[in-house]
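J.: This is a predicted model, with the sequence first.
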Amino acid sequence: MELTNLKKQKVTEEEAPINKLPDSLLVQILSLLPTTKEAFRTCLVSKTWRRLPTLIDSFNFTCSTDREREDFSIIHNALTHPLSSKIIKLQLDITHLRLSDCSFRLEYEILISRCFSFAVESQVENVVLWFQYSNRFTLPESLCTCSSLIT
């Protein structure tokens, strides 16, 4: 069997086949990544993709114990400066955080409250919050009466 040497072609960023896909499909691809943080980082790969975060309409955040401060900072920043004009879904998973440090519990409560406020202010349709907390946490009344909220 004879192998043919394929001529290596240099493809410019504009010519790359993936960059010829419609933005809506690229955003769908990004939404398949496990977290919004990874989607944002992926957009840094190419100049063409740097405009895509403005189209991401679903936030999926997961906080891990080893990077909780960094994760909280990214979430607060995304909620304070959302790039898309309409966020359809907000999902936050903070079940993997340790709450043995009492000073950290306040930050945890602030983050949950901020997510609820963001959902109401931005008229998010779907909110999923995964958390474990032994103290009582009362849902804000504004969330319960939010007209845009579907789930």
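T.: Cool, got the structure. Numbering: from 1, shown residues only.
J.: C-alpha only now, for contacts and for neighbours.
T.: Will do.
J.: For this protein, give the helix that spans the most residues.
T.: Among all segments of the chain classified by DSSP state H, the helix with the greatest residue count is helix 102-121.
J.: Counting neighbours, show which residues of the helix or strand just after that helix come out buried.
T.: Counting by DSSP states H and E, the next helix or strand C-terminal to helix 102-121 is strand 126-130. The neighbour-count check on strand 126-130 (16 or more other CA atoms under 10 Å) flags 126-127, 129 as buried.
J.: Tell me the one of the residues you listed nearest L25?
T.: Nearest to L25 out of the buried residues of strand 126-130 is N126 (CA to CA; 21.1 Å).
J.: Touching, the closest one and K86? I think so.
T.: No - look at N126 against K86 with CA atoms under 8 Å: they stay out of range, at 11.9 Å.
J.: For the residue nearest the centre of the chain, give its distance to C144.
T.: By CA atoms, centre = their mean, the mean C-alpha position of the chain lies nearest to T36, the distance being 2.7 Å. Per CA to CA, to the nearest Å, T36 is found 26 Å from C144.
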